[in-house]
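>>> predicted model and sequence follow; I will ask about them next.
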Amino acid sequence: MKRSCTVVVSAAIVAALSASLSAQWDLRPKPGVPKGADGKPNLSAPAPRTADGKPDLSGIWMRTNRTEAPGSQPAGRPPLAQFGDIGVGFKEGLPYRPLALDLIKKRAGALDNPDALCLPQGPLEYHLDPQPREVIQLPGKIVIVYESNYGIRTIYTDGRALPKQGEPQPYWHGYSVGRWDGDTLVVTSNNFRGALTNLPGDGWLDGKGDPFTDALTLTERFRRVNFGQLQIDVTIDDPKAYTRPFTVRVEQEIVADGSEMIEFICHENQQFLKLTGRQ
Amino acid sequence: MKTRTALVLGAIGLLLVWTPVAAHHSFTAEFDADKPVKMTGAVTKFEWTNPHAWIYLDIKDETGNVANWGFELAAASGLMRSGWTRFSIKPGDVVTIEGTRAKNGSNNANAQTVTLASNGRKLFAGANTQGQP
């Protein structure tokens, strides 16, 4: 009963949203969206592929709002991360080193969350933000445009190796290279600025302030399960902040109604510093 | 017919209340969840902006004094996805806003719901999903 109510309510919300969205701007469904017998997008159809036969991750993706109780994920599957706390799924918490615990304590109140400061978000904040992101898969590279804070990230898939740490310089988004492992895109990143710069906004993994440092090697395994779903398993390997690597899962779903990215100029009317007494 | 339209709009408004549009910024840093407010007044300004939209109201207290209050909503982009437009509110509209007051004691609050006095339409204005600060 509860489930059927949820379905009805969800369907009504979708209907209301569709009506309101279509009243505001032209919906432009992309060609190639598979349709079911009812004419609606068939999100469980197979993932599309590029000319070279690899899964095509291109599209506009929203995070799902699915959550789960800590420790309740199936055996062998990483727990789901949340924007506010990527470690929420670990019953025993994250494997912090004292340096990380100290940073989290200093970050109480989230005054220096890069998201709030209109600075580039941390890599998992970008994956988990409620605003969408567009993946553009090209020969030799994949570009991800994040609506939130207008982040742009390039993943090189031309076979190059990661640069040495510090060369040419640490970046907010790090330096990313990708290779295909079967149908999974494995992206490895280094050269992050990290929390040890002591500059506001540097080295935040989530809204709570779980930190990362310049020692971070980030591994993301992107798998487009079907037309509608993207799974990203993210491994944080940062020996300065954590005693061992750990992995969390991000779930995203395709935007198939033809709605598009919306301009987001974060400094347009920024009141955060004033409201928190720093301006 | 008019009544029916109003009912339908009302229903859509209620549905929009549940639409997840998470707040962009650290609302917990700005607002005190233990200080809920519910205020009614006339709109003096509506800022359709990012990272957050703002509604300003003239609020009359029990002694008749009028003060201008600012209410922070979700991002304009998020509001747009949940059915708002830049014309949803205009100066002179009387609205009731429910939210929580600014920690710094200023005449500011966040807005969780905005209800239009003219038709009772309730618009969702912010959210706190996935532990969004």
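Arrived safely.
>>> host element of residue A:219?
strand A:217-224 (DSSP states H and E).
>>> that strand pairs with which strands?
Here strand A:217-224 is paired, per DSSP bridges, with strand A:184-190 (antiparallel), strand A:229-237 (antiparallel).
>>> tabulate those (a markdown table), appending mean neighbour count and mean pLDDT.
Yep, even glycine has a C-beta here, placed from its N, CA and C like the rest. Putting the strands paired with strand A:217-224 into a markdown table (neighbours: other C-beta atoms under 10 Å in any protein chain shown; pLDDT from 0 to 100) gives the following:
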| stretch | mean neighbour count | mean pLDDT |
| --- | --- | --- |
| strand A:184-190 | 20 | 98 |
| strand A:229-237 | 20 | 98 |
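>>> out of those, flag the one nearest residue A:105.
strand A:229-237 (19.5 Å; C-beta to C-beta).
>>> next secondary structure after that closest one?
Heading C-terminal from strand A:229-237 (DSSP H and E), you reach strand A:246-254.
>>> can you list contacts of that following strand?
A:43, A:59-64, A:66, A:73, A:77-81, A:86-87, A:89-90, A:94-95, A:124, A:127-128, A:227-236 (C-beta atoms under 8 Å, 6 or more residues apart in numbering or on different chains).
>>> buried sites along that strand?
A:246, A:248, A:249, A:250, A:251, A:252, A:253, A:254 (16 or more other C-beta atoms under 10 Å in any protein chain shown).
>>> what's the longest strand anywhere in chain B in contact with?
What stands out as the longest strand in chain B, according to DSSP state E, is strand B:31-47. Contacts with strand B:31-47, where a contact means C-beta under 8 Å, 6+ apart, come from A:269, B:53-60, B:68-69, B:72, B:86, B:89-103, B:109-110, B:117.
>>> okay, now the unreliable bits of the stretch 1-150 of chain A?
Residues of the stretch 1-150 of chain A meeting the criterion pLDDT under 70: A:1-25.
>>> got it, and chain B?
Across chain B, the ranges flagged by pLDDT under 70 are B:1-25, B:127-133.
>>> rerun that using 50 as the cut-off
Residues of chain B that meet the criterion pLDDT under 50 lie in B:1-22, B:128-133.
>>> residues of the strand holding residue A:219 that come out buried?
Using 16+ other C-beta under 10 Å as the test for burial, strand A:217-224 gives A:217, A:218, A:220, A:221, A:222, A:223, A:224.
>>> partners of the second one in the sheet?
Put plainly, it is residue A:218. residue A:189, residue A:236.
>>> picking up where we left off before, closest to chain B out of the buried residues of strand A:217-224?
Nearest to chain B out of the buried residues of strand A:217-224 is residue A:220 (C-beta to the nearest C-beta; 19.0 Å).
>>> OK, contacts around the residue lying closest to the closest one once chain neighbours are set aside?
In this structure, residue A:220 finds its nearest non-sequential neighbour in residue A:187, 4.4 Å apart by C-beta to C-beta, 6 or more residues apart in numbering or on different chains. By C-beta under 8 Å, 6+ apart, residue A:187 lies in contact with A:155, A:176, A:177, A:178, A:218, A:219, A:220, A:221, A:222.
>>> residue A:261 reaches residue A:146, doesn't it?
No. Counting by C-beta atoms under 8 Å, residue A:261 stays clear of residue A:146, with 9.3 Å between them.
>>> more crowded one of these two?
Neighbour tally, residue A:261 and residue A:146, criterion other C-beta atoms under 10 Å in any protein chain shown: the higher count belongs to residue A:146, 22 against 16.
>>> and the strands in chain A?
For chain A, the strands defined by DSSP E occupy A:59-63, A:133-138, A:141-146, A:151-156, A:175-181, A:184-190, A:217-224, A:229-237, A:246-254.
>>> in PDB, list the C-alpha atoms belonging to the longest strand of chain B.
Extracted as PDB, the C-alpha positions of strand B:31-47 are listed here (Å, rounded to 0.1, in the frame of the first residue of the first chain):
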ATOM      1  CA  PHE B  31      20.200  29.900   9.900                       C
ATOM      2  CA  ASP B  32      19.200  28.500  13.200                       C
ATOM      3  CA  ALA B  33      17.000  25.400  12.800                       C
ATOM      4  CA  ASP B  34      15.700  25.900  16.400                       C
ATOM      5  CA  LYS B  35      14.300  29.300  15.500                       C
ATOM      6  CA  PRO B  36      11.400  28.700  13.200                       C
ATOM      7  CA  VAL B  37       9.500  31.700  11.800                       C
ATOM      8  CA  LYS B  38       6.200  32.200  10.000                       C
ATOM      9  CA  MET B  39       5.700  35.700   8.700                       C
ATOM     10  CA  THR B  40       3.200  37.400   6.400                       C
ATOM     11  CA  GLY B  41       3.800  40.600   4.600                       C
ATOM     12  CA  ALA B  42       3.800  42.500   1.300                       C
ATOM     13  CA  VAL B  43       6.600  41.800  -1.200                       C
ATOM     14  CA  THR B  44       8.900  44.800  -1.700                       C
ATOM     15  CA  LYS B  45      11.500  43.000  -3.900                       C
ATOM     16  CA  PHE B  46      12.000  39.600  -5.500                       C
ATOM     17  CA  GLU B  47      15.600  38.800  -6.600                       C
END
